[in-house]
Structure formats: structure tokens, C-alpha cells
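Asks: here's a sequence, model it:
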Amino acid sequence: MNITFTARRFRPHELVKEHALSEVTKLGKFYDGIVKADVILSYERATNSVKSAEINVHVYGTVLSAREKSDDFLKSIDKAVEKLTLRLKRYKSKLRAKHKGVVRRIQEKV
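Replies: Here you go, the predicted structure:
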């Protein structure tokens, strides 16, 4: 899985970057068909310090994405990863349900 990390309009601390990359690599245990992941961190407002994290996961045939905002980058990343785990599980179950009929027809022929 290729992971690209982008910080818009600021330079992130090494701790934030390592945390983001480690959390995104953990998504591989939920679905092994992840081709590419994009992590984008940005400030929404400089006055109230609203920080947002957007994670786009490219799987075969579609792109799953999650965007979260909070007062801390680590919280935003964790919430976005939680959303993506649910979306990956749902995507995987839909794929299995879609191909379940094909497998049954093949087994009936044999």
C-alpha cells in the first residue's frame, strides 16, 4: 500500500506524521485490497484552531474517504480512521455478498 502524506499550509511535527502513517497502515488488516492511501491535514480556521484530517483510501474500483475536524490533529486522525474501518468492513461485506451468488452457481454445476 502506497501512503502519501500532505500537510496544507503548515509543517507538521514528526509525531503527528508518524501517528498518521501508523494508523493508516493498520487499515490493511481490515481489507487487504487497499492500493493507495492519501492523508491530508489542514487548518480550517487559524483563530479557533480547528484542525481537519482527510483520509482517502483507494481500493479496487472505488475510493473510500473520511474527513474529521477537532481541536487536535491526533483526535482528527483517530476519528477518520474509525470511520474508514467501518466503511472498509461495509465495502468488504458488500463485495462478499455480491460474489456469493456466483460461488453458489459454480458449486451447483460441480
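
Asks: helices or strands next to whatever helix or strand residue 24 lives in in the packing?
Replies: Residue 24 is located in helix 14-25, with elements delineated by DSSP states H and E. Here helix 14-25 touches strand 2-8, strand 34-45, strand 50-59, helix 73-109, going by 3 or more CB pairs under 8 Å, 6 or more residues apart in numbering; DSSP states H and E. All C-beta spots, glycine's among them, are computed from the backbone N, C-alpha and C.

Asks: what residues does it touch?
Replies: The contact list for helix 14-25, computed with CB atoms under 8 Å, 6 or more residues apart in numbering, reads 1, 3, 5, 7, 37, 39, 41, 53, 55, 57, 73-74, 77-78, 81.

Asks: and the angle from that helix to strand 50-59?
Replies: 30 degrees (axes from the mean of the first three to the mean of the last three CA atoms, to 10 degrees).

Asks: returning to that earlier point: and the helices and strands packed on helix 14-25 as TSV, adding distance to residue 26, mean pLDDT and mean neighbour count?
Replies: Below are the helices and strands packed on helix 14-25 laid out as TSV (distance: least, CB to CB, whole Å; pLDDT from 0 to 100; neighbours: other CB atoms under 10 Å):
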stretch	distance to residue 26	mean pLDDT	mean neighbour count
strand 2-8	12	96	13
strand 34-45	11	92	16
strand 50-59	12	96	20
helix 73-109	7	84	14
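
Asks: can I get these in JSON lines with distance to residue 22?
Replies: Output for the helices and strands packed on helix 14-25, formatted as JSON lines (distance: least, CB to CB, whole Å):
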{"stretch": "strand 2-8", "distance to residue 22": "10"}
{"stretch": "strand 34-45", "distance to residue 22": "11"}
{"stretch": "strand 50-59", "distance to residue 22": "13"}
{"stretch": "helix 73-109", "distance to residue 22": "10"}
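
Asks: how near is residue 20 to residue 73?
Replies: Separation of residue 20 from residue 73 (CB to CB, to the nearest Å): 8 Å.

Asks: what do the two both touch?
Replies: Joint contacts of residue 20 and residue 73 (CB under 8 Å, 6+ apart) are 41, 53.
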